[in-house]
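Peer 1: sequence? don't have it. structure:
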């Protein structure tokens, strides 16, 4: 009984999880971003997570802040802070920088199922 309740709770929780915006993973062999964010309709940047996946990092942005039905333009930006690494034989200068995705159209539709109309019959 307890196991069934735990499975049902997990299913309910996952059914109500917010949608997420993802970008392709950045391979571990290349330059890895150290920050990611996205904008909604050109607004203020909202921080995203950088999730470790097999072979690198993947930006993951929570879209839970979009609650009103409509069409939204999303743009993700990843960035890498500049750094200099010194060794006993030289130095490596990574100038950093940022890159943004092309605009992505996201549509949130209103309600899933219409309200039922009740009646009593014979």
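Peer 2: Received, thanks. Since the model is a prediction, treat every value here as computed from it, not as a measurement.

Peer 1: Tell me where the chain has helices.
Peer 2: 2-15 (DSSP state H).

Peer 1: The spatially most central residue of the chain and residue 82: what is the separation?
Peer 2: The centre of the chain sits closest to residue 61, judged by Cα atoms, centre = their mean, with a distance of 1.8 Å. Spatial separation of residue 61 from residue 82 under the definition Cβ to Cβ, to the nearest Å is 24 Å. (Each C-beta comes from the backbone N, C-alpha and C, glycine too.)

Peer 1: for residue 18, same thing?
Peer 2: Summarising the geometry, the distance separating residue 18 from residue 82, computed by Cβ to Cβ, is 33 Å.

Peer 1: do residue 73 as well
Peer 2: Using Cβ to Cβ, one gets 29 Å for the distance from residue 73 to residue 82.

Peer 1: now swap in residue 38 and tell me
Peer 2: 22 Å.

Peer 1: Those two: which has the busier surroundings?
Peer 2: When residue 38 and residue 82 are compared on other Cβ atoms under 10 Å, the one with more neighbours turns out to be residue 38, at 23 against 9.

Peer 1: Quickly list what the more buried one is bridged to.
Peer 2: Under the criterion DSSP bridges, residue 38 forms beta bridges with residue 46, residue 76.

Peer 1: need the contact list for the residue nearest to the centre of the chain.
Peer 2: Listed by Cβ atoms under 8 Å, 6 or more residues apart in numbering, the contact set of residue 61 reads 20, 21, 22, 36, 37, 38, 46, 48, 49, 76.

Peer 1: repeat that for 6 Å
Peer 2: Under the criterion of Cβ atoms under 6 Å, 6 or more residues apart in numbering, the neighbours of residue 61 are 21, 38, 48.

Peer 1: My guess is the last one contacts residue 36. True?
Peer 2: Yes - counting by Cβ atoms under 6 Å, residue 48 sits close enough to residue 36 to count as a contact (4.0 Å).

Peer 1: Now do the shared contacts for these two.
Peer 2: For the pair residue 48 and residue 36, residues contacting each of them under the criterion Cβ under 6 Å, 6+ apart are residue 59.

Peer 1: so residue 94 bridges to which residues?
Peer 2: Beta bridges link residue 94 to residue 83 when assigned by DSSP bridges.
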